[in-house]
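Engineer: just the structure for this:
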Amino acid sequence: MTNMMDYLAWRGDVPFSASPWNETDALIIAVVSYLNFDGVDNERGMTFRELKECGALRPGNGGSFAARRALFEAAAETERFGGCRIHYFFALTDEALKTQFSAMCVDVGDGTVCVAYRGTDNTIIGWREDFNMMCRCPVPAQEAAVLYLENACRNIRMPVRITGHSKGGNLAVYAAACAAPETRDRVLDVWTYDGPGMAKIVFDSVGYREAAPKIRAFVPQTSIFGMLMCHPETYTVVVSDASGLAQHDPFTWKVTGSRFGTAEEIDSTARVIDETLHEWLAGSTLEQREVFVETLFRLMGSTQAITLSELRGDRMKNMAKMLAASLDIDPETRRVITRLFGQFLTLGVGNVVERVIENVGDRNGDKPGTEKLSAAETPDEGNG
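Structural biologist: Numbers count the residues shown, from 1 in each chain. Below you'll find the predicted structure:
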């Protein structure tokens with residue numbers, strides 16, 4: 001199935017002046033933002049072509065580095081992207097702040113600048129911040145996204161586009177909705193690719209109502225992340241040649257010409273979150289959500305893993321550690337967490353964790369779902 005790489009081969013020799021910015025261009029910039037670049041944290045920056053030639057590209061904590069590098073290098077060889085200039089690159093992962101944030105500006109060459117926000121990388125810190133969005137608003141990365149956009153608009157006089165994949169899509173929408181009015185006025189459009197939603201208070205704000213007509217949201221057929229929390233009511237469903245969670249990878253999305261291949265609606269498996277996390281969120285208090293997030297990442301911390309790759313690398317050993325650490329968790333929290341582990345961390349193996357921990361609960365006389373959480377039951381914070 002044709003994808004972004006095929007688009008570059010087809011449209012790469014056509015400059016933006018001859019064929020205007022489109023949804024595939026915005027996705028390419030969003031994917032490139034996952035990469036790390038040396039020497040572009042200033043006003044001048046460097047073009048795609050210059051960055052490739054001088055070897056300034058550096059691996060980061062994200063997965064799919066080889067595919068993203070190949071996309072960037074292919075783009076750098078084209079007329080369309082080779083002269084695009086990356087500047088004001090910024091990246092931060094801070095365990096104390098429990099935040100992972102990165103953004104960059106791309107002077108497209110058509111009289112506009114694209115602000116691109118990086119999605120969640122491979123670090124557990126990054127994923128914890130995603131889950132913290134269920135408990136609080138804003139999280140540090142959202143605050144940073146607003147500051148970055150406002151600073152960019154002070155330094156750049158051109159109209160601004162905003163893009164992001166995954167958490168980057170959430171940050172793109174949040175920044176467009178929550179920036180100062182004079183900044184919001186500078187924004188031409190906002191592109192979010194399978195980005196999770198956010199707190200209802202944002203969607204009820206004046207800023208969001210003003211930004212909404214500019215937002216272009218895309219999700220794959222089996223969207224999990226893009227269906228989290230409150231999300232734009234209007235989105236385009238993209239055809240993917242992968243299955244399950246693998247559809248989150250934009251390299252699996254169908255591109256026909258300059259547009260995505262689309263479907264009428266998300267498929268039935270995309271509603272798996274409604275059966276677990278959404279259902280629980282709808283009936284939970286803020287305190288219960290905080291207990292859930294603290295407990296989930298305390299279990300992950302029990303493995304001493306820093307990244308999700310490490311967590312999955314020795315899967316059975318790490319599941320045993322999390323199982324041992326889970327024995328003092330109340331049944332309701334355990335029920336939600338084990339279902340999530342079953343769906344997100346043991347794909348292809350089955351809901352092993354769920355079955356094991358529920359069996360332990362049965363032996364201890366607990367029946368999942370029979371007790372309610374309370375603020376007093378908040379566990380001690382572990383090293384996750």
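Engineer: and Lys50, how close does it get to Gly39?
Structural biologist: Actually, residue 50 is Glu. It isn't Lys. As for Glu50, its distance to Gly39 is 9 Å (criterion: Cβ to Cβ, to the nearest Å). Where you see a C-beta, it was placed from the backbone N, CA and C, and this is true even at glycine.
Engineer: any stretches of this structure with poor pLDDT?
Structural biologist: By pLDDT under 70, the weakly predicted segments of the chain are 60-63, 121-132, 134-135, 232-233, 270-284, 288-290, 292-293, 296-328, 333-334, 336-384.
Engineer: kindly recompute the last result at 80.
Structural biologist: Counting by pLDDT under 80, the low-confidence segments of the chain come to 38, 58-64, 93-99, 120-136, 224-233, 244-246, 268-384.
Engineer: ranges for the strands of it?
Structural biologist: With strands called from DSSP state E, the chain shows them at 36-37, 46-47, 57-58, 85-94, 99-107, 113-117, 160-165, 187-193, 215-220, 236-238, 255-256, 259-260, 262-263.
Engineer: tell me which of these sits nearest to Arg11.
Structural biologist: strand 255-256 (9.8 Å; Cβ to Cβ).
Engineer: in its sheet, what does the closest one sit against?
Structural biologist: strand 259-260 (antiparallel) (DSSP bridges).
Engineer: for Glu23, which residues are in contact?
Structural biologist: Residues counted as contacts of Glu23 (Cβ atoms under 8 Å, 6 or more residues apart in numbering) are 191, 216, 218, 258-260.
Engineer: neighbour-wise, which one of the residues you listed leads?
Structural biologist: When neighbours are counted by other Cβ atoms under 10 Å, Trp191 leads the contacts of Glu23 with 29 neighbours.
Engineer: measure the residue lying closest to Ser205 once chain neighbours are set aside to Ile29 for me?
Structural biologist: Leaving out its chain neighbours, the residue that sits closest to Ser205 by Cβ to Cβ, 6 or more residues apart in numbering is Ala177, at 6.1 Å. Per Cβ to Cβ, Ala177 is found 20 Å from Ile29.
Engineer: next one: Leu92
Structural biologist: 20 Å.
Engineer: neighbour count winner among the two?
Structural biologist: Ile29 (24 against 13).
Engineer: from memory that one sits against Thr163, does it?
Structural biologist: Yes: Ile29 lies in contact with Thr163 (Cβ atoms under 8 Å); the separation is 5.4 Å.
Engineer: shared neighbours of the two, which are they?
Structural biologist: Common neighbours of Ile29 and Thr163 (Cβ under 8 Å, 6+ apart) are 114, 116.
Engineer: tally of neighbours for Asn170?
Structural biologist: Asn170, neighbours per other Cβ under 10 Å, totals 30.
Engineer: residue contacts, it?
Structural biologist: Asn170 touches 133, 142, 164, 192, 195-198, counting by Cβ under 8 Å, 6+ apart.
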